[in-house]
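# need a 3D model of the following:
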Amino acid sequence: MRLDISDRIKIGHMVVAGEKITRLSEYAQAQKLPLIIISASGGARMQEGVEALMQMAKTTLAIQRFLKNGLFISVCANPTMGGTTASFMMQGDVIVAHPQAHIGFSGKRVVKQTLGQPFDTNVQKSETLHSQGWLDLLVSRKDLKTQLIDLLNLHVKNEVTLKPIVLASNQLPLDASPWKSVQKARDSRRFKASDILAACFENLISFSANNRCLPSSLISCIGLFNDLPVTILAHQKDILNGQSGMLLPSDYRRVVRAIKQAEKFKRPIITLIDTPGADPSMASELKGQASAISESLAAFANAKVCVITIILSEGGSGGALAMGIGDALLMLEHAYYSIISPEGYASILLRDASKAKQVAQSMKITAKELKTMQIVDAIILEQSYEDIIRQIKSYLNHYLSTLMAYDSQTLAKKRYEKYRNIARSDAKHLIDQGGLDLVA
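Model prediction:
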């Protein structure tokens, strides 16, 4: 069902618009149809008083009722302002906007005359809001129909059954220098997450905030793996394009949103890790970087769908773990996964970052070491790029077919046990020896 409120209701009654939106959402819910609303509105009409204000409440209640089971795609045209933005239009499962659309709550004149402050209207441009994680997609008017069809197709409940395959026994790689793995993982010529996406998935729709405002290091998208709809989250590290692989608080907001949508539409989540760590800048600290990472961890921990993580190259500390809690952890042969970079480790413990190569030997950061520690479930050997892609597809098929057979409660139990048992015997030994005091 589609409602376009940009023409007939643009200068009409907000009371009438609110009633139409409510009726439409009720009809879509009864008929089990997706709902698309395209809006170009300045907001509620002041002349209609509190009754117009109450339409924000009415439409919110109606949309929230519909959202329990239905797909709602909101399309913000130019402008989408005031009560329209602050109610139903920002509640979509997928929020789309036209490029250069003016989207926000308060108008420039209102701010100037009530607060006596200047107001830069560029903060209300769709590109700015997209870069901050408030919008999912920027789509031009001419491309809108095609994009909406693609979105609808990816949200159709396809009954896809992946056939379990028998994997060859996962051989441990030959011993390699940990420092050599670190150097290979950091090599700018090494394949990137975007290469893996293109090779392993089809019909991708990207929600990534790569526009003129900010080259995001997060890839957030939905697509098909062997005809199965999946959600993919990945670090994109491409220094030439300004992508450091380090995520911002706004990126983690987008990650949490993607997890919630995956849960609602029962899509498995696949994460591809390649990051030196979370963004450590002062700007990120002021925006609550630690809190954003914590919320991402909690969202993955509570995910009601299966999560498969692949460490492609760098697995740096909390920035990697923030997208790394899951039900199966795969790691490429020359990737590394560490609590801190070898340089940081050396600078703190030895007060000399130049000794990074030396300390890497004892940090236990390689795929082989982590497999032995039962942190990593399987290692993807790096014989050739084609063979890497073949192995990734095989492992994804195997783990998806296995994990999707579990209900959400069983998944949660197994996920808890997986992490509960990491280093459990070592901790028990220390406790038994009186090395740890359990009383604070």
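# helices of the stretch 251-400 of the chain, residue ranges please.
With DSSP state H, counting those that start in this stretch, the ranges of helices along the stretch 251-400 of the chain come out as 282-286, 289-301, 317-321, 342-349, 356-360, 367-372, 385-403.
# among those helices, which is the most enclosed?
Greatest average neighbour count among those goes to helix 317-321 (a mean of 22), per mean count of other C-beta atoms under 10 Å. For glycine as for every other residue, the C-beta is placed from the backbone atoms N, C-alpha and C.
# which residues are contacting it?
For helix 317-321, contacts defined as C-beta atoms under 8 Å, 6 or more residues apart in numbering pick out 246-247, 273, 275-279, 293, 297, 311, 314, 337-341.
# what's the closest non-adjacent residue to the residue positioned nearest the centre of the chain?
Centroid-nearest residue in the chain, with C-alpha atoms, centre = their mean: residue 255, separated by 2.6 Å. Leaving out its chain neighbours, the residue that sits closest to residue 255 by C-beta to C-beta, 6 or more residues apart in numbering is residue 296, at 5.2 Å.
# list the contacts for the one you found?
252, 255-256, 322-323.
# send me stretch 389-398 as PDB with only the CA atoms.
Taking C-alpha atoms only, stretch 389-398 is exported to PDB below (Å, rounded to 0.1, in the frame of the first residue of the first chain):
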ATOM      1  CA  ILE A 389      36.100 -17.100  -1.900                       C
ATOM      2  CA  ARG A 390      35.300 -20.800  -2.300                       C
ATOM      3  CA  GLN A 391      36.000 -21.500   1.400                       C
ATOM      4  CA  ILE A 392      34.000 -18.500   2.600                       C
ATOM      5  CA  LYS A 393      31.000 -19.700   0.600                       C
ATOM      6  CA  SER A 394      31.300 -23.200   1.900                       C
ATOM      7  CA  TYR A 395      31.600 -22.200   5.500                       C
ATOM      8  CA  LEU A 396      28.700 -19.700   5.200                       C
ATOM      9  CA  ASN A 397      26.500 -22.400   3.700                       C
ATOM     10  CA  HIS A 398      27.500 -24.900   6.400                       C
END
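# which element is residue 62 on?
helix 50-67 (DSSP states H and E).
# show me what that helix is packed up against.
The contact analysis (3 or more C-beta pairs under 8 Å, 6 or more residues apart in numbering; DSSP states H and E) places helix 50-67 against helix 14-31, helix 82-85.
# next, the angle helix 14-31 makes with it.
Here helix 50-67 runs at an angle of 10 degrees relative to helix 14-31 (axes from the mean of the first three to the mean of the last three C-alpha atoms, to 10 degrees).
# what comes up buried for helix 50-67?
Within helix 50-67, the residues scored as buried using 16 or more other C-beta atoms under 10 Å are 52, 55-56, 58-60, 62-63, 66-67.
# got it, and stretch 373-380?
Applying 16+ other C-beta under 10 Å to stretch 373-380 flags 375-380 as buried.
# which of those fall in strands?
378-380 (DSSP state E).
# in JSON lines, list the residues you listed along with pLDDT and distance to residue 422.
Converted to JSON lines, these look like this (pLDDT from 0 to 100; distance: C-beta to C-beta, whole Å):
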{"residue": "378", "pLDDT": "95", "distance to residue 422": "16"}
{"residue": "379", "pLDDT": "95", "distance to residue 422": "17"}
{"residue": "380", "pLDDT": "95", "distance to residue 422": "21"}
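# with respect to residue 412, which of those is nearest?
residue 378 (21.9 Å; C-beta to C-beta).
# would you agree the closest one is in contact with residue 311?
No - counting by C-beta atoms under 8 Å, residue 378 sits too far from residue 311 to count as a contact (11.1 Å).
# joint contacts of the two?
In contact with both residue 378 and residue 311: 330-331, using C-beta under 8 Å, 6+ apart.
# re earlier: pick the one among the ones in strands among the buried residues of stretch 373-380 closest to residue 414.
Looking across those and measuring by C-beta to C-beta, the closest to residue 414 is residue 378, at 16.1 Å.
# what bridges to that closest one?
Residue 378 forms beta bridges with residue 330, as assigned by DSSP bridges.
# quick revisit: any chance of a PyMOL selection covering the buried ones in the contacts of helix 317-321?
Buried subset of the contacts of helix 317-321, written as a PyMOL selection, criterion 16+ other C-beta under 10 Å:
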select buried, resi 246+247+273+275+276+277+278+279+293+297+311+314+337+338+340+341
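# domain-wise, how is the chain divided?
2-154, 178-405 (automatic domain parsing).
# could you single out the most deeply buried of those domains?
By mean count of other C-beta under 10 Å, these have domain 178-405 as the most buried, with a mean of 19.
# how far does that one sit from its chain's centre?
11 Å (C-alpha atoms, centre = their mean, to the nearest Å).
# residue 222: what's it in contact with?
154, 204-205, 207, 229-232, 267 are the contacts of residue 222 under C-beta under 8 Å, 6+ apart.
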